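Novice: Output the structure for:
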Amino acid sequence: MRRRVGQNFRSLLLPAICCAVTAYFAHSAVFGERGIRALRQTEDRLDLAKHDLAAVRAKREALSHRISLLDEKRIDPDLLEEVARGVLLETRPGEVAVPREKR
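Specialist: Numbers count the residues shown, from 1 in each chain. A predicted model of the protein is given here:
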């Protein structure tokens with residue numbers, strides 16, 4: 001009987017090792033540092049970063065447009081008046097100037 005148990009144990013040893021190795025790699029593929037869950041988290045962070053980048057680009061375009069309006073050769077009169085009123089706190093009769101906080 002001992003001989004049969006020993007033979008059965010030896011015959012099951014290789015498949016058990018193979019199953020353990022397969023389980024290890026399967027676990028790493030899903031939960032590992034570069035597994036499926038990590039991929040999804042990275043994709044979520046990438047989506048947020050793309051959204052932030054789009055917001056920054058839109059803000060940059062708006063500032064670029066405003067700067068182009070301040071060109072020395074062809075300055076926009078409305079923008080000039082807005083900037084002058086903001087800096088000098090000048091008002092017309094019946095208007096009230098409220099200073100803005102610096103950003």
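
Novice: So which bits of the one helix or strand residue 49 maps to are buried?
Specialist: In this structure, residue 49 sits in helix 36-69 according to DSSP states H and E. Using 16 or more other C-beta atoms under 10 Å as the test for burial, helix 36-69 gives residue 69. All C-beta spots, glycine's among them, are computed from the backbone N, C-alpha and C.

Novice: and it, how far out from the chain's middle?
Specialist: Chain-centre distance of helix 36-69: 7 Å, with C-alpha atoms, centre = their mean, to the nearest Å.

Novice: Check which element follows that helix along the chain.
Specialist: helix 77-88.

Novice: So which elements touch that following helix?
Specialist: Here helix 77-88 touches no other helix or strand, going by 3 or more C-beta pairs under 8 Å, 6 or more residues apart in numbering; DSSP states H and E.

Novice: Contact partners for the spatially closest residue to residue 76 that is not a sequence neighbour?
Specialist: Excluding the flanking residues, the one nearest residue 76 by C-beta to C-beta, 6 or more residues apart in numbering is residue 69, at 4.2 Å. Counting by C-beta atoms under 8 Å, 6 or more residues apart in numbering, residue 69 touches 75, 76, 79.

Novice: What count of nearby residues applies to the first one?
Specialist: In this case it means residue 75. Using other C-beta atoms under 10 Å, the number of residues around residue 75 comes to 12.

Novice: Next one: it from residue 65, what distance?
Specialist: 14 Å (C-beta to C-beta, to the nearest Å).

Novice: mind giving me the domain split of the chain?
Specialist: 1-31, 41-93 (automatic domain parsing).
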